[in-house]
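Visitor: What follows is a predicted protein model with its sequence.
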Amino acid sequence: MDTPRAVVIGGGIGGLTAAAALHQQGWDVTVLERATALTPVGAGIGLAPNSQRALDVIGLGDRVRSLAAWQGDGGLRTPDGRWLNRLSSTATAERFGGSMVLLHRATLVDILVSALPEGSVRTGSPSTLTDAGDDHRRAVVTTPDGTVEADLVVAADGINSAVRRALFPAHPGPRYSGYTTWRIVAPAPERPFAAHETWGRGALWGTHPLKDGRIYAYGAALTPAGGRAPDDEKAELLRRFGDWHDPIPAIIAAAEPEAVLRRDVHYMATPLPAYHRGRVALVGDAAHAMQPALAQGGNQAIEDAIVLAHHAGGGPDVGQGLAAYTAERLPRTMRIVRQATKAGRAAMLNSAAAVAVRDTLVAAVSRFGPGLVLRSFDGIADWRPPQHTYAAGTAHRGQDGTGRQR
């Protein structure tokens, strides 16, 4: 039997993970990336235990864990520096079998590319889905070099996915959340600090260490869609967050103006009817863009990729496998989309009275210990891939990432 062929449209985290997983299943995989280089949009990414276990399937989980910086005891603060709750990495690891790993997106991209054969990724290759195919004919993708037929097309072309629009033209697409985000990677401040997220009125800030000695920080604020700073985005951050508690002002001051990334937040308020059509499957933001409040966007893209490869198997007859992929992924991801939407609304409350009530409730819940706070991630961070064994070691379903029974 001929080797089945897969074409992945988009060289981001979801697309590269899918490519690596399909390659390990015996597929001939080509990744088509429109950009001239694999330069990921974004600064940092947090990989929760669920996506780490997904990466275990393709033998990359331990490499990711080796890049974890010690986060220590962090938590949630107010702009004046008061702690609303405290969380420890130990409590998270005990509950979910692992801790959050923060790393630069470019680092994760390099790790994923290393799992692919040389020449699998073609940059500077814009592509168009010409034919989604069906049980009797292959899908067709058009590139500047001609057409490519494939037994499977993985659409990982992001939140503005052209493939999604072609498959489901009547779908309204993502909706604006009402707020924008800024992300930076900057030198760590001289004084020690605890990892934290800080909630204000209609705005928030987060600061987390990276293993290389830098910090990953992000801000968010309610603002009309499409806005831009009158001067530069670093100056905008200073205007919005310059009087918040240490080390926020120092971090902003240390950032290079051109390194501040701004992006409006959109999310998939209306579910797609399916995550596949014909021989095409949607993964990541193309299928279920979500607000960043739970830090699960990239994690869910990685889950998608591993589950898709599992159901696609090692053969070209993918019809039933894609239906199983939709059945498994659509309910889970849309539940997380809704949960992230609720969390985003809570973080972005803007009236003084609502913020006071929110902060009081958060502080009250934290007095009962970390369990109640971490409970919001039950059913998310404790997810396990469909495979019974992991490529990275001997861990099995029902065990944590170290192989210990839970």
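Guide: The structure has been received and is ready for your questions. All values derive from a computational prediction rather than experimental measurement.

Visitor: The stretch 251-400 of the chain: strands as residue ranges?
Guide: Here the stretch 251-400 of the chain has its strands, by DSSP state E, counting those that start in this stretch, at 261-267, 276-277, 280-282.

Visitor: Now do the same for the second one: mean pLDDT, whole number.
Guide: Mean pLDDT, computed over strand 276-277, is 98.

Visitor: Strand partners (parallel or antiparallel) of it?
Guide: strand 280-282 (antiparallel) (DSSP bridges).

Visitor: roughly how far out does the strand it pairs with sit from the chain middle?
Guide: 18 Å (Cα atoms, centre = their mean, to the nearest Å).

Visitor: Outside of it itself, which residues are in contact with it?
Guide: 129, 132-133, 139, 152-155, 161, 163-164, 167, 272, 275-276, 308, 312, 322, 325 (Cβ atoms under 8 Å, 6 or more residues apart in numbering). Every C-beta, even on glycine, is put in place using the N, C-alpha and C of the backbone.

Visitor: thinking Ala220 is in contact with Met348, fair?
Guide: Yes - judged on Cβ atoms under 8 Å, Ala220 makes contact with Met348 at a distance of 7.3 Å.

Visitor: Now the common contact residues for these two.
Guide: The contact sets of Ala220 and Met348 overlap at Tyr179, Ala203, Leu204 (Cβ under 8 Å, 6+ apart).

Visitor: what about the spatially closest residue to the second one that is not a sequence neighbour, how many neighbours?
Guide: Spelled out, it's Ala203. Excluding the flanking residues, the one nearest Ala203 by Cβ to Cβ, 6 or more residues apart in numbering is Ala221, at 4.2 Å. Per other Cβ atoms under 10 Å, the neighbour tally for Ala221 reads 22.

Visitor: Can you report how many residues lie near Leu272?
Guide: 21.

Visitor: And for Asn350?
Guide: There are 13 residues near Asn350, going by other Cβ under 10 Å.

Visitor: any idea how far Ile248 is from it?
Guide: Separation of Asn350 from Ile248 (Cβ to Cβ, to the nearest Å): 19 Å.

Visitor: need the helices for the chain, in chain order.
Guide: If DSSP state H is used as the criterion, the helices of the chain fall at 13-24, 49-57, 61-65, 89-96, 105-113, 162-167, 233-241, 248-254, 285-288, 297-312, 319-347, 352-366, 370-374.

Visitor: Report the buried residues of stretch 76-88.
Guide: Leu76, Arg77, Thr78, Pro79, Leu84, Asn85, Arg86, Leu87 (16 or more other Cβ atoms under 10 Å).

Visitor: Start and end of that stretch, how far apart?
Guide: With Cα to Cα, to the nearest Å as the measure, the ends of stretch 76-88 fall 12 Å from one another.

Visitor: Low-confidence ranges, this protein, go.
Guide: Where the chain drops to pLDDT under 70, the residues are 1, 40-42, 70-72, 369-372, 388-406.

Visitor: Run through the residues that contact Ala324.
Guide: Counting by Cβ under 8 Å, 6+ apart, Ala324 touches His311.

Visitor: any idea how far it lies from His310?
Guide: Taking Cβ to Cβ, one finds Ala324 at 9 Å from His310.

Visitor: Equivalent analysis for Val185, please.
Guide: Taking Cβ to Cβ, one finds Val185 at 34 Å from His310.

Visitor: Same check on Gly242?
Guide: Using Cβ to Cβ, Gly242 is found at 48 Å from His310.

Visitor: Same question for Ile336.
Guide: For Ile336, the distance to His310 - Cβ to Cβ - is 19 Å.

Visitor: More neighbours: the two, which one.
Guide: It is Ile336, of Ile336 and His310, that has more neighbours when counted by other Cβ under 10 Å, with 21 against 18.

Visitor: residues contacting the residue nearest to the more buried one when sequence neighbours are not counted?
Guide: Nearest non-adjacent residue to Ile336, counting by Cβ to Cβ, 6+ apart: Gln296, 5.5 Å away. Residues near Gln296 by Cβ under 8 Å, 6+ apart: Ala48, Met290, Ile336, Ala340, Ile380.

Visitor: can I get the residues you listed in JSON lines with distance to Gly26?
Guide: Formatted as JSON lines, the contacts of Gln296 follow (distance: Cβ to Cβ, whole Å):
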{"residue": "Ala48", "distance to Gly26": "29"}
{"residue": "Met290", "distance to Gly26": "32"}
{"residue": "Ile336", "distance to Gly26": "31"}
{"residue": "Ala340", "distance to Gly26": "35"}
{"residue": "Ile380", "distance to Gly26": "31"}
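
Visitor: For the shared contacts of Ala220 and Met348, give me TSV that also has neighbour count and distance to Val357.
Guide: Listed next are the shared contacts of Ala220 and Met348 as TSV, based on neighbours: other Cβ atoms under 10 Å; distance: Cβ to Cβ, whole Å:
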residue	neighbour count	distance to Val357
Tyr179	22	20
Ala203	20	17
Leu204	23	17
